[in-house]
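Visitor: pasting the structure only:
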């Protein structure tokens, strides 16, 4: 396990490899309310780069080559794959599933029960939501985070409503408000977000297909 960073804390039950790089004022393995220090184990794979002022609660299972920007907060009981990057000041709440090669930019909010599949991309200032009727009697029992399928891309400042599914390879335009599911390989924009074209119609992705034989 890497030594505690200056003025930071690595609590009992945190498992790190020797090649992990931990910045100043990082807190790893802080227990959630109602749990004891060291009660929930936290695993962070090889090659981690965790920058200053990041806080990662206990009970997380994080793969190899994980990295954060500065001031990231990750709550408990998440499953995070390999080669995942979380940008500065982003927040990931508890019970979130994140696949391999996911990129989350800065100032993103990801609430409980969200799913991000392999190679999903989330632009800066994106907000996911999981409570359709906040503070209603059934709010806690009906929380549903968005489900972003593999290789989908969410543009800057977009908002995703609870439970929406963003299809494989789909693109959500900057500033869009997504209130219903987005089909695979479609581009949506606006408020409420509407389908405007196929991803294959975008010149940038035609070029990518020509160069590597896949979308």
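Guide: Thanks, I have it. Not measured: the values here are computed from a predicted model.
Visitor: Pick out the residue nearest the middle of the chain.
Guide: The structure's the chain has its C-alpha centroid closest to residue 104; by C-alpha atoms, centre = their mean the separation is 5.5 Å.
Visitor: can you tell me which residues contact it?
Guide: 84, 85, 86, 87, 90, 92, 98, 110, 116, 122 (C-beta atoms under 8 Å, 6 or more residues apart in numbering). Where you see a C-beta, it was placed from the backbone N, CA and C, and this is true even at glycine.
Visitor: and what of residue 72?
Guide: Counted by C-beta under 8 Å, 6+ apart, residue 72 has contacts 51, 53, 54, 55, 56, 86, 87, 88, 89, 90, 91, 92.
Visitor: Next, format the residues you listed as JSON lines and append pLDDT.
Guide: Formatted as JSON lines, those follow (pLDDT from 0 to 100):
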{"residue": "51", "pLDDT": "97"}
{"residue": "53", "pLDDT": "97"}
{"residue": "54", "pLDDT": "98"}
{"residue": "55", "pLDDT": "98"}
{"residue": "56", "pLDDT": "98"}
{"residue": "86", "pLDDT": "98"}
{"residue": "87", "pLDDT": "98"}
{"residue": "88", "pLDDT": "98"}
{"residue": "89", "pLDDT": "98"}
{"residue": "90", "pLDDT": "99"}
{"residue": "91", "pLDDT": "98"}
{"residue": "92", "pLDDT": "98"}
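Visitor: would you list those residues in CSV and tack on distance to residue 36 and secondary structure?
Guide: Output for those, formatted as CSV (distance: C-beta to C-beta, whole Å; DSSP: H, G, I helix; E, B strand; the rest coil):
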residue, distance to residue 36, secondary structure
51, 28, coil
53, 25, coil
54, 22, coil
55, 18, strand
56, 17, strand
86, 27, strand
87, 31, coil
88, 31, coil
89, 29, coil
90, 28, coil
91, 24, strand
92, 23, strand
